[in-house]
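Student: kindly generate the corresponding structure for this input.
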Amino acid sequence: MALHPVMGFKVGEVTILFLEMAVMTFWRVARETTILTVVQVLIPAFIFHREQIILY
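Tutor: As a prediction, the model looks like this:
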């Protein structure tokens, strides 16, 4: 399927924009998920650790 050169360029541009958006969205979600996971793991561990120190 032969595309007009200008049309091909536009399709390429749109594809690149779409990929950039997808990557940025993925990074933002991944970063937020990582932060949430770290918070969910660290805070209970910290509280549990403090309670252990207080208990002993």
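
Student: give me the phi and psi angles of Gly8.
Tutor: Gly8 adopts backbone torsions of phi -60, psi -40, taken as degrees, to the nearest 10.

Student: count the neighbours of it for me.
Tutor: 11 (other C-beta atoms under 10 Å). (Glycine included, C-beta is placed from N, CA and C.)

Student: let's see the pLDDT reported for it.
Tutor: What the model reports as pLDDT for Gly8 is 70.

Student: contact partners for it?
Tutor: Listed by C-beta atoms under 8 Å, 6 or more residues apart in numbering, the contact set of Gly8 is empty.

Student: just the element for the residue minimising distance to the centre of the chain, please.
Tutor: Nearest to the geometric centre of the chain sits Ala30, at 2.3 Å (C-alpha atoms, centre = their mean). Taking DSSP states H and E as the criterion, the element that holds Ala30 is helix 5-55.

Student: so where's this structure shaky on pLDDT?
Tutor: Where the chain drops to pLDDT under 70, the residues are 1-5, 53-56.

Student: who's in contact with Gln40?
Tutor: Applying C-beta under 8 Å, 6+ apart, no residues contact Gln40.

Student: mind checking how far it is from Glu20?
Tutor: In this view, Gln40 and Glu20 are 30 Å apart by C-beta to C-beta, to the nearest Å.

Student: Ile35 too?
Tutor: 22 Å.

Student: swap in Met7?
Tutor: Remark: distance between Met7 and Glu20 (C-beta to C-beta) = 20 Å.
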